[in-house]
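A.B. asks: Based on what follows, work out the 3D shape:
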Amino acid sequence: MDNSRSTRHKKKKKKKRGLRRFLTVLVLLVIAAGAYVYFQYKQGLSEALDGAGKEKAASYDFNGKLPNNGQINVLLLGSDSRGEKHSRTDSILIAHYNQNTHEPKLVSIMRDSYVDVPGHGKQKINAAFAFGGPELLRKTIEENFGININYYSIVDFKGFPKIVDTIAPDGIKVNVPHDMSSGIDMTLHKGEQTLHGKQLLGYVRFRHDNMSDFGRVQRQQEVLGKLKDKATEINNVVKLPKILGMTAPYIDTNIDTKTMLILGKDVITGQAKSVDKLRIPLDGTFENERIPGIGAVLAVDLEKNKAALQQFLSSSK
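C.D. replies: Model prediction:
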């Protein structure tokens, strides 16, 4: 009887020692993984800055609510600033991601859409950024379309080529519909070709043709979708922290690194599905008008577009 109790006691002690060893190893692995992520991130940041400068921190107040039910909305902006403090936005997009279904969606809002800007009356929607930064633009989108935006991210167009070349070092294949040169400081010739950072920036910013901003928005969605696909070719998730570090100096955002790693992991490991796209306003839901003191605008049927946008973001494949 005593031998039986002694044997059970020894077994319990052995199990406890084994559990302690396992927990110790687990803690060490977590610490090592955290250190690896940190140093990879810093290495990428250092390479981006060539060993000088500081990481760009979020520079705007933004009061978006925290994501709900695993659904995240990020306001993606590209500024047409030439150094002035209060510039209008060159691009307005909403990037939506459902962490439960792994469905990414991309909405482009035409910058000349004529909407109510809180505190400023009827204006082009891109004026909201000039009046009050991404926070006022967030309020404008919520008031006109009933969509809650959780985060913002502003891409410095000077850094766009670096971001492209980091994610897609072999370039992005596109079909240039016609020669492009006006306003982009280069000439892109008609035809299918592979473009790298600076060329791709010219491709997405060109708007001097018969499609004007509509063609530019279409090309922006095309390129963002292809960049997402290129990211999935980086088939090793360990590269993600370095990529985030290399792109950090060119992006002003309030998205925390943890959330970026979670979203980036889904993209790079191939969990994220293909990108669904929408443009607001929809065809047939706006009129071209000219407003004294404001200029050419898109007079939008807000109710139709609000319903379409909400349906698009809430639906699942």
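A.B. asks: Spit out the contact partners of the nearest residue to residue 184 once chain neighbours are set aside.
C.D. replies: Counting by CB to CB, 6 or more residues apart in numbering, residue 184 lies nearest to residue 202, which is 3.7 Å off, once chain neighbours are set aside. Every C-beta, even on glycine, is put in place using the N, C-alpha and C of the backbone. Neighbour list for residue 202: 180, 184, 185, 186, 188 [criterion: CB atoms under 8 Å, 6 or more residues apart in numbering].
A.B. asks: So which of the residues you listed belong to strands?
C.D. replies: Helix and strand membership here follows DSSP state E; of these, not one is in strands.
A.B. asks: how about residue 275, what does it touch?
C.D. replies: For residue 275, the contacting residues are 104, 105, 106, 224, 225, 228, taking CB under 8 Å, 6+ apart as the criterion.
A.B. asks: Is the residue nearest to residue 184 in a helix, a strand, or coil?
C.D. replies: In terms of secondary structure, residue 202 is helix; the call rests on DSSP: H, G, I helix; E, B strand; the rest coil.
A.B. asks: how far away is it from residue 156?
C.D. replies: Relative to residue 156, residue 202 is positioned 16 Å away (CB to CB, to the nearest Å).
A.B. asks: three-state assignment of residue 169?
C.D. replies: Taking three-state DSSP as the rule, one finds residue 169 in the coil state.
A.B. asks: That one: neighbour count?
C.D. replies: By other CB atoms under 10 Å, 11 other residues sit near residue 169.
A.B. asks: for it, phi and psi?
C.D. replies: Backbone torsions of residue 169, given as degrees, to the nearest 10, read phi -60, psi -20.
A.B. asks: can you give me the strands for this structure?
C.D. replies: Counting by DSSP E, one finds strands in the chain at the ranges 71-79, 89-98, 103-109, 113-117, 121-124, 151-155, 172-176, 191-195, 251-253, 276-280, 286-291, 295-300.
A.B. asks: Let's have those in a markdown table, adding mean neighbour count.
C.D. replies: Putting the strands of the chain into a markdown table (neighbours: other CB atoms under 10 Å) gives the following:
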| stretch | mean neighbour count |
| --- | --- |
| strand 71-79 | 21 |
| strand 89-98 | 22 |
| strand 103-109 | 22 |
| strand 113-117 | 21 |
| strand 121-124 | 15 |
| strand 151-155 | 22 |
| strand 172-176 | 16 |
| strand 191-195 | 13 |
| strand 251-253 | 21 |
| strand 276-280 | 19 |
| strand 286-291 | 13 |
| strand 295-300 | 18 |
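A.B. asks: closest one to residue 214 among those?
C.D. replies: When the strands of the chain are compared for distance to residue 214 using CB to CB, the nearest one is strand 276-280, at 7.8 Å.
A.B. asks: Name every strand pairing with that closest one and say which way it goes.
C.D. replies: Strand 276-280 has the following strand partners under DSSP bridges: strand 103-109 (parallel).
A.B. asks: All the helices of this structure, in order from the start?
C.D. replies: Using DSSP state H, the helices of the chain run over 2-49, 127-145, 160-167, 197-205, 212-233, 240-247, 257-268, 302-314.
A.B. asks: Show me what the second one is packed against.
C.D. replies: Think helix 127-145. In this structure, helix 127-145 packs against strand 71-79, strand 89-98, strand 113-117, strand 151-155, helix 302-314, with contacts taken as 3 or more CB pairs under 8 Å, 6 or more residues apart in numbering; DSSP states H and E.
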